[in-house]
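Participant: What would the 3D arrangement of this be:
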Amino acid sequence: MSRMLWASVALLAAGCGGPAVEEQPPAAAAAKPNVVVILADDLGYADISSYGGTRISTPNIDRIAKAGVVFTDGYSAAPVCSPSRAGLNTGRHPDRFGFEYNNGPAQRDIELNLGLPKDEITLASALKAQGYRTSLVGKWHLGSNDDFYPTNRGYDEFVGLLTGATSYMSPSHPDHVFVEVAGSNARPPAQRGAPNKIYEGAERTVVENEDRYLTEYLGERAVDFIKRAAPSDEPYFLYSAFTAPHDPLQTTKKYYDRFAHIADPGMRVYASMISALDDQVGAILDAVEASGENDNTIVYFMSDNGCAAYIQGICACEPLRGGKLSHYEGGVRVPFMMKWPEKVEGGQVYRNVVSTMDVFTTSLVAGGGALPTDRVFDGVDLMPFVTGANPGLPHDQLAWRRTPHASIRAGDWKLWKSLDGKFTLLFNLKDDPNEATNLAESEPAKLKELSDAFDQWAKDLKDPLWPSRPHTNYNVCGTPFELPI
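Facilitator: Below you'll find the predicted structure:
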């Protein structure tokens, strides 16, 4: 199919994924890079070696860092799964359209018809309008019913899970390894029920693959898509959303045996899961290189939020404090890197604040598109910043609201407070990246400045479309918190 005809068909199809994005004048094939977004699930800042972590070696993820740019201050749109994915997929803060809390569990998701609002434009539908072939392999978690189903939101192809988590393989498999961590709310493995099965295609065909380790299966399906999509005159967009290392803590003997030096069994399984993820990242990178289109393929790697610190013993409190659900840096600052050999010099370290919401704008502009003008976008095009064309800051500030918690980072300063007055935390991240010293009392002027900035930002937000599930309580690196989900 010609690029002109494909663009016309895609523009019509994009209507099912929200308002259509204006088609731009056709560009030469080389001007439209392929786009691969690799998303880990609950992967902490200290969990990969690219950021100096020594607990787990991740040589394949490190390949992206060496070939492109590592963002030291990359932030997720939210410290929890589905709102962060809503921000990544739309380039907009999820609170702008009421996606403040997780839309699960599965039964509530289905019965109340929860999900990404239908008038939100996904990156898949935006790129589809520019002539891209689009695929989602892995975790969606933005709605299970037909209104929100991936093939109705801009994805030509889909294979994966619709909900927040599922078992990695059958617990009865002879190679299965599972560790139950005492005192945590990590889920146990189980045979997959109807809501959390693996589905494929618009027909929701059930994939019976519990004899396979899910991380490997999702990697293989991502590679399969790349092999079918390239080389071609039509660019492709692959959203490869792994479930690893989200619980349940399941691995196989193959990966478990790699970490015999780790005494703690929970940490050993966790390291095994990350190692399996790293292997599959390597397989995807190999497929891109083998396609002959490596130079003109953008590859992003990031996590949806921080490590699941409510599972005892698997998360580090250094260099960043805290984890998933919390507004400490360990909950919202995530591993984030990208490469585009044709445009981005390798081996860079970028230290200004960026956001996973920037993936939308960066990819759309690279693909020849322009942001619609009927809504506010929070993501920016990162290319002028990583190439040095723009020496300024991508973001003057970033903020988060998960009522009753609110936080904002502006420059080197970070405020995290409870809107019901239970606590106020102010940190200077330049001097104190681990957020160990609360300066709220000693810096009243800075506290007011950031509080006012948050209030101004929050004026444009929408009320939550649904309530949080019952809050969870856990000790966040020595400090007890009650956190919304």
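Participant: Would you verify that Arg401 is located in a strand?
Facilitator: Yes. Arg401 sits within a strand when classified using DSSP: H, G, I helix; E, B strand; the rest coil.
Participant: Now it: closest residue in space, sequence neighbours ignored.
Facilitator: Spatially, and ignoring its direct neighbours in sequence, Arg401 is nearest to Asp95 (5.2 Å; CB to CB, 6 or more residues apart in numbering). All C-beta atoms are positioned from the backbone trio N, CA, C, and that covers glycine.
Participant: For the one you found, which three-state class applies?
Facilitator: The three-state label given to Asp95 by three-state DSSP is helix.
Participant: Helices along this structure, start to end?
Facilitator: Here the chain has its helices, by DSSP state H, at 3-13, 59-67, 81-90, 106-111, 123-128, 214-229, 253-256, 265-290, 329-332, 358-366, 383-386, 444-458.
Participant: And for the third one, what's in contact with it?
Facilitator: Just to be clear, that refers to helix 81-90. With contact meaning CB atoms under 8 Å, 6 or more residues apart in numbering, helix 81-90 is reached by 37, 39, 41-42, 76-78, 93-95, 97, 99-104, 116, 120-124, 139-142, 164, 241, 246, 302, 304-305, 355-357, 359-360, 378, 402.
Participant: what is the rounded mean pLDDT of it?
Facilitator: For helix 81-90, mean pLDDT rounds to 98.
Participant: Could you do the last one as well?
Facilitator: For helix 444-458, the mean pLDDT works out to 98.
Participant: From the chain's centroid, how far away is it?
Facilitator: Chain-centre distance of helix 444-458: 28 Å, with CA atoms, centre = their mean, to the nearest Å.
Participant: 25 is where my numbering starts, stick with that
Facilitator: Yes, from this point I'll number from 25; that puts the last item at helix 468-482.
Participant: So for it, what gets flagged as buried?
Facilitator: Judged by neighbour count (16 or more other CB atoms under 10 Å), helix 468-482 contains these buried residues: 470-471, 474-475, 477-478, 481.
Participant: just the longest one next, same as before
Facilitator: Within helix 289-314, the residues scored as buried using 16+ other CB under 10 Å are 289-309, 311-312.
Participant: still on that earlier bit, including distance to Glu224, could the helices of the chain go into TSV?
Facilitator: Formatted as TSV, the helices of the chain follow (distance: least, CB to CB, whole Å):
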stretch	distance to Glu224
helix 27-37	19
helix 83-91	26
helix 105-114	19
helix 130-135	18
helix 147-152	16
helix 238-253	9
helix 277-280	25
helix 289-314	18
helix 353-356	33
helix 382-390	25
helix 407-410	34
helix 468-482	40
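Participant: Ok, which of those comes nearest His419?
Facilitator: Taking CB to CB, helix 382-390 is the member of these nearest to His419, at 8.4 Å.
Participant: Output the contacting helices and strands for the closest one.
Facilitator: Applying 3 or more CB pairs under 8 Å, 6 or more residues apart in numbering; DSSP states H and E, one finds that helix 382-390 contacts strand 58-64, helix 105-114, helix 147-152, strand 321-327, helix 407-410.
Participant: Look up the pLDDT of the residue lying closest to Asn233 once chain neighbours are set aside for me, please.
Facilitator: In this structure, Asn233 finds its nearest non-sequential neighbour in Tyr241, 5.5 Å apart by CB to CB, 6+ apart. As predicted, Tyr241 sits at a pLDDT of 98.
Participant: how many other residues sit next to Tyr241?
Facilitator: 22 (other CB atoms under 10 Å).
Participant: distance of the most centrally placed residue in the chain from Ala394?
Facilitator: Among the residues of the chain, the one closest to the centroid is Asp328, at 3.0 Å (CA atoms, centre = their mean). With distances taken as CB to CB, to the nearest Å, Asp328 is found 27 Å from Ala394.
Participant: I'd say the residue nearest to the centre of the chain and Ala64 touch.
Facilitator: Yes. Using CB atoms under 8 Å, Asp328 is in contact with Ala64, at 7.2 Å.
Participant: Any buried residues in stretch 165-179, and which?
Facilitator: For stretch 165-179, the neighbour count (16+ other CB under 10 Å) marks 165-168, 172-179 as buried.
Participant: for it, how far is the first residue from the last?
Facilitator: End-to-end distance for stretch 165-179, by CA to CA, to the nearest Å: 14 Å.
Participant: That stretch: how far from the chain's middle?
Facilitator: Distance of stretch 165-179 from the chain centroid (CA atoms, centre = their mean) equals 17 Å.
Participant: same deal with stretch 65-81?
Facilitator: Chain-centre distance of stretch 65-81: 15 Å, with CA atoms, centre = their mean.
Participant: State the number of residues packed around Tyr99.
Facilitator: 27.
Participant: swap in Asn499?
Facilitator: A total of 12 residues lie near Asn499 under the criterion other CB under 10 Å.
Participant: Next: the one 10 residues further on.
Facilitator: A count of neighbours around Ile509, defined by other CB under 10 Å, yields 18.
Participant: what's the spacing between it and Tyr334?
Facilitator: Ile509 is 10 Å from Tyr334, where distance means CB to CB.
Participant: what touches both of the two?
Facilitator: When contacts are counted by CB under 8 Å, 6+ apart, Ile509 and Tyr334 are jointly contacted by 349, 496.
Participant: my read: Ala89 touches Met361, true?
Facilitator: Yes. Here Ala89 lies in contact with Met361, judged by CB under 8 Å, at a distance of 5.1 Å.
Participant: Spit out the residues that contact those two alike.
Facilitator: Ser74.
Participant: higher neighbour count, those two?
Facilitator: Neighbours around Ala89 and Met361, counted as other CB under 10 Å, are more numerous at Met361. The numbers are 28 against 24.
Participant: and the more buried one, what is it in contact with?
Facilitator: Neighbour list for Met361: 74, 85, 88-89, 92-95, 98, 324-326 [criterion: CB under 8 Å, 6+ apart].
Participant: redo that, cut-off 7 Å
Facilitator: 74, 88-89, 92-95, 325 (CB atoms under 7 Å, 6 or more residues apart in numbering).
Participant: Pick the one among those residues closest to Gly445.
Facilitator: For these, the closest approach to Gly445 (CB to CB) belongs to Phe95, at 34.0 Å.
Participant: Provide a list of residues in contact with the closest one.
Facilitator: Applying CB under 7 Å, 6+ apart, we find Phe95 in contact with 360-361, 374, 378.
Participant: How about Glu224, nearest residue that isn't a chain neighbour?
Facilitator: Per CB to CB, 6+ apart, closest to Glu224 is Val183, 4.2 Å.
Participant: bridging residues for the one you found?
Facilitator: Counting by DSSP bridges, Val183 is bridged to Val161, Glu224.
Participant: Settle this for me: it is touching Ser159, isn't it.
Facilitator: No. Val183 is beyond contact range of Ser159, at 8.3 Å (criterion: CB atoms under 7 Å).
Participant: Would you mind telling me which of those two has more residues around it?
Facilitator: Ser159 (25 against 22).
Participant: For Asn458, grab the count of nearby residues.
Facilitator: Counted with other CB under 10 Å, the neighbours of Asn458 add up to 17.
Participant: Could you measure from it over to Ile338?
Facilitator: Counting by CB to CB - Asn458 and Ile338 are separated by 18 Å.
Participant: What is the neighbour count of Thr114?
Facilitator: Quick note: Thr114 (other CB under 10 Å) scores 28 neighbours.
Participant: err, Pro259, not the other one
Facilitator: Residues lying near Pro259 (other CB under 10 Å) number 28.
Participant: which residues does the closest residue to it other than its chain neighbours contact?
Facilitator: Among residues not flanking Pro259 along the chain, Lys56 sits closest, at 4.3 Å (CB to CB, 6+ apart). Residues counted as contacts of Lys56 (CB under 7 Å, 6+ apart) are 154-155, 259, 391-392.
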